[in-house]
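next input, structure requested:
(one chain, ligands or ions: 1)
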Amino acid sequence: MVFSAETAQSVLKSGDFGHICKPNSIFYNVMRPFLGNSLLLHEGQLWRDRRKIIMRCMSFHHLRTYTSLLNKHSKRIVNDLGDLFADGKSHRINTNISGLFVAIITEIVTGSDIEGAKGGAEFHHNFQKWKTCIIKRLEKIWLHPDILWKFSSHKIIHDQAVSNISAFSRQKLMEHKQRREEKSVKFRNTIDELIDSGQSDEEIVRELHTLLSGGHEMSATTMHLFLLLMATHQNYQDLCRKEIDAIFEDEEQSSNGSLKFEAINRLKYLEMCLMETMRLLPPVFAFMRQLKTGMDIEYEGKEIHVPPGTQVAIVPWAIHRNENYWSNPETFDPDRFLPEECAKRHSHAYLPFSAGPRNCFGMKLGMNEMKVVAAHVLRNFRVESTDRLEDIPLLPTVTVTPERDYNFVMRKRAL
Ligand code: HEM
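Next comes the predicted model:
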């Protein structure tokens, strides 16, 4: 287990040692029936080629294209939340938030507009069912062998959830092929890249599972936790809103209530609050690598040799709480991300998106999505909560998940 930035850097740094493989461990193996040989679990040249193809849709030009889509979905969630909270009572909003991020990533990756959070809610529910089943399997050691898993009641629910998600992905692929035939494609998306590079429908569907699942779950988890931290730290919420209001009121940064692409970069304080959310509560609390070659690492002050084949767990949750890099680590303090503070810190002390050649390539997209959604929500509502972070246990499931959804109160602002 790696709890230090220095050791994490040795393992994650660029290709020389080739430590980019996901181990053949139960932690990743439980995901294989769902994700198959897709990017998250692939290795070698196949992984390299596939990553290159998919990353084409994460370029600066593409990110600019996605801005109007992010504004459109953010306005829809503001309307949905306005309706939900019109009664002045408290409500749980995790399904709305997750549905929203499913809708955003579905349109970015497949070109289909599934009409906002309501359209994304079913995917989210199936994904949660899948997650619950694989957690049960991880927890119960007797369910690890395939032969026993086959007879488990969880496998029936698991297979149903995977089948529903596959049907959704397949339908999006077919709809996109239809649009290609009709020459009505709005922008070139990941499916176009995968089709044109000769991938089979089955391979594309598996890749969609990875992109739609990973692409909504991390951003939605972060947004849910961010809103709770804003609700329980009203002073920081006010500072974010001051910055957001100034940008919405500047005609060079926004028009018709939509943020321009350049404005996203200007939301610096909001970005610091999102980054601090992911420091305190990194959605991917741990990830693993398998060493292809042996290496010497510093571990608890001693130099030790780690042989090839060793499985290494890198634990951002612990690195983000290591007092060598973070003072008062349990305190929410966005100023840690002021440029001068970042410059003083070890480059691998902050790893919400991992690092090195196998890092998250959706990092910039994820940040842009979260900034635009958060800007619209905080512009339109004062966010409060009847819950506190410390009252609800956080479970180390695939991502960090509160034992139950938080209760929020959102009060509409007069604009
Ligand atoms: C807050 C937002 C996000 C966070 C915190 C996050 C975090 C991460 C982390 C820690 C990894 C490395 C996992 C490992 O090594 O096992 C990863 C990989 C990955 N992420 Fe993200 N992610 C986010 C958003 C996104 C988005 C929006 C996409 C969609 C395009 C995405 C797609 C992926 C993919 C495909 C991989 C696998 C990359 C590879 O193995 O080469 N992520 N992400």
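
hey, let's count contacts and neighbours off CA atoms from now on
Fine.

can you find the helix or strand of this protein with the lowest average pLDDT?
Least confident helix or strand of the chain, by mean pLDDT, DSSP states H and E, is strand 295-299 with a mean of 77.

give the partner strands of that strand in its sheet and their orientations.
strand 302-306 (antiparallel) (DSSP bridges).

so how far is the strand it pairs with off the chain centroid?
33 Å (CA atoms, centre = their mean, to the nearest Å).

what's it in contact with?
294-298 (CA atoms under 8 Å, 6 or more residues apart in numbering).

now the residues you listed as TSV including distance to the ligand and neighbour count?
Listed next are these as TSV, based on distance: CA to the nearest ligand atom, whole Å; neighbours: other CA atoms under 10 Å:
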residue	distance to the ligand	neighbour count
294	19	14
295	19	15
296	21	13
297	20	17
298	21	13
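
name the nearest of those residues relative to residue 144.
Taking CA to CA as the measure, residue 294 is the one of those closest to residue 144, at 28.4 Å.

next up, the contacts around that closest one.
By CA under 8 Å, 6+ apart, the neighbours of residue 294 are 305-309.

next: residue 21.
Residue 21 is in contact with 42-44, 289-292, counting by CA under 8 Å, 6+ apart.

contact partners for residue 360?
Taking CA under 8 Å, 6+ apart, we find residue 360 in contact with 353-354.

sketch out the low-pLDDT regions of the protein for me.
Low-confidence segments of the chain, defined by pLDDT under 70: 14-20.

can you do 50?
For the chain, applying pLDDT under 50 flags no range at all.

the longest helix along it close to the ligand?
Counting by DSSP state H, the longest helix found in the chain is helix 201-232. Yes - interface with the ligand: helix 201-232 contributes 211, 214-215, 218-219, 222 (CA under 6 Å from any ligand atom).

now render those as TSV, adding distance to residue 393.
What follows is the residues of helix 201-232 next to the ligand, written out as TSV (distance: CA to CA, whole Å):
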residue	distance to residue 393
211	28
214	23
215	24
218	18
219	20
222	16
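
tell me which of those is nearest to residue 262?
Taking CA to CA as the measure, residue 262 sits nearest to residue 219 out of these, at 20.9 Å.

where's residue 63, which helix or strand?
helix 60-84 (DSSP states H and E).

any quick ChimeraX command for the buried ones out of the contacts of residue 21?
Per 16 or more other CA atoms under 10 Å, the buried members of these correspond to this ChimeraX selection:
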select :42,43,289,290,291,292
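
what ranges do the strands span in the stretch 201-350 of the chain?
For the stretch 201-350 of the chain, applying DSSP state E, counting those that start in this stretch gives strands covering 254-255, 258-259, 287-290, 295-299, 302-306, 311-314.

deepest in the core, which of the ones you listed is it.
Greatest average neighbour count among those goes to strand 258-259 (a mean of 22), per mean count of other CA atoms under 10 Å.

just checking: what are the partner strands of that one?
Strand 258-259 has these partner strands in its sheet, going by DSSP bridges: strand 254-255 (antiparallel).

distance from the chain centre to the strand it pairs with, please.
Remark: strand 254-255 is offset 27 Å from the chain centroid, using CA atoms, centre = their mean.

now swap in stretch 121-139 and tell me
16 Å.

and for stretch 103-112?
15 Å.

residues in contact with the closest residue to residue 335 other than its chain neighbours?
Residue nearest to residue 335 in three dimensions, not counting chain neighbours: residue 272, with 7.1 Å by CA to CA, 6 or more residues apart in numbering. Residues in contact with residue 272 (CA under 8 Å, 6+ apart) are 334-338.

which of those are buried? Put it as a ChimeraX command.
Here is the ChimeraX selection string for the buried members of the contacts of residue 272, based on 16+ other CA under 10 Å:
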select :334,336,337
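
farthest-apart pair in the contacts of residue 272, please.
334 and 338 (7.8 Å).

ok, residues contacting the least confident helix or strand of the chain?
Contacts to strand 295-299, defined as CA under 8 Å, 6+ apart, come from residues 6-7, 10, 303-308.

also stretch 197-205?
So stretch 197-205 is contacted by 37-38, 53, 166, 169-170, 173, 191, 194-195 (CA under 8 Å, 6+ apart).

and of the residues you listed, the nearest to the ligand?
Using CA to the nearest ligand atom, residue 38 comes nearest to the ligand of the contacts of stretch 197-205, at 8.5 Å.

in a helix, that closest one, correct?
No - assigned with DSSP: H, G, I helix; E, B strand; the rest coil, residue 38 falls outside any helix and is coil.

surely it and residue 211 touch.
No - applying CA atoms under 8 Å, one finds residue 38 not in contact with residue 211, separated by 9.3 Å.

give me the neighbour count for whatever residue of the stretch 51-200 of the chain ends up closest to the ligand.
Nearest residue of the stretch 51-200 of the chain to the ligand (CA to the nearest ligand atom) works out as residue 51 at 6.0 Å. Using other CA atoms under 10 Å, residue 51 has 17 other residues around it.

what's the spacing between it and residue 314?
22 Å (CA to CA, to the nearest Å).

same thing with residue 230?
For residue 230 relative to residue 314 (CA to CA), the value is 28 Å.

over to residue 9?
Taking CA to CA, one finds residue 9 at 10 Å from residue 314.

swap in residue 62?
For residue 62 relative to residue 314 (CA to CA), the value is 31 Å.

residue numbers of the protein in contact with the ligand?
So the chain meets the ligand at 39-40, 51, 211, 214-215, 218-219, 222, 283-284, 287-288, 352-354, 358-363, 365-366 (CA under 6 Å from any ligand atom).

okay, helices next: where are they in the stretch 51-200 of the chain?
60-84, 94-110, 116-139, 146-149, 153-181, 190-196 (DSSP state H, counting those that start in this stretch).

got a list of contacts for stretch 397-414?
Outside of stretch 397-414, the residues within contact range by CA under 8 Å, 6+ apart are 81-82, 85, 88-94, 131, 135, 217-218, 221, 228, 281-285, 379-387, 392-395.

what comes into contact with stretch 255-264?
With contacts defined as CA under 8 Å, 6+ apart, stretch 255-264 is touched by 64, 67-68, 71, 247-248, 253-254, 368, 371-372.

for those, give me a markdown table that also has distance to residue 57.
Below are the contacts of stretch 255-264 laid out as a markdown table (distance: CA to CA, whole Å):
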| residue | distance to residue 57 |
| --- | --- |
| 64 | 11 |
| 67 | 14 |
| 68 | 16 |
| 71 | 19 |
| 247 | 27 |
| 248 | 28 |
| 253 | 24 |
| 254 | 25 |
| 368 | 14 |
| 371 | 19 |
| 372 | 19 |
